[in-house]
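Novice: mind looking at a prediction? Sequence and model below.
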Amino acid sequence: MKNARKNDGKLNIVASKIRYYRELNNLSYQKLSDMLMLQGVDIHKQSIYNIEKGIRTVVDYELCGFAKCFNITVNDLVCDFFNELN
C-alpha cells in the first residue's frame, strides 16, 4: 500500500508538534527513543528524526507513546491540524 502525502507533502500531521515538545522537554532523539522503548514502543532515533521531517508515518500506538513521554494528550499533538480544517 502506498502512503498518500497530504499535509504539504508530509506523511504525518504531527511532525512539528513532536519536534516542538521534544525540544521543549530538552530531549535528544536518543533519549526520546529510550523513553518510548521503556513503554514498549520501539522507535529508533533515526525514525523519530524521519517523523519530524514528515517522511515517516506515525501509527496510533506511537502517538500514544509520544503523548505519554511529553505528559500531554494525543489531542494536543493533532488538534492544530483539525482546527485548520474547520
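Specialist: Thanks, I have the structure now. Numbers count the residues shown, from 1 in each chain.
Novice: do you know how far the residue positioned nearest the centre of the chain is from residue 48?
Specialist: In the chain, the centroid-proximal residue (Cα atoms, centre = their mean) is residue 18; its distance is 4.5 Å. Here the distance between residue 18 and residue 48 works out to 7 Å (Cβ to Cβ, to the nearest Å). All C-beta atoms are positioned from the backbone trio N, CA, C, and that covers glycine.
Novice: what about residue 55, neighbour count?
Specialist: For residue 55, the number of neighbouring residues by other Cβ atoms under 10 Å comes to 16.
Novice: about what we covered before: hang on, isn't the residue nearest to the centre of the chain packed against residue 52?
Specialist: Yes - between residue 18 and residue 52 there is a contact at 5.7 Å, judged by Cβ atoms under 8 Å.
Novice: shared neighbours, these two?
Specialist: Common contact partners of residue 18 and residue 52 (Cβ atoms under 8 Å, 6 or more residues apart in numbering): none.
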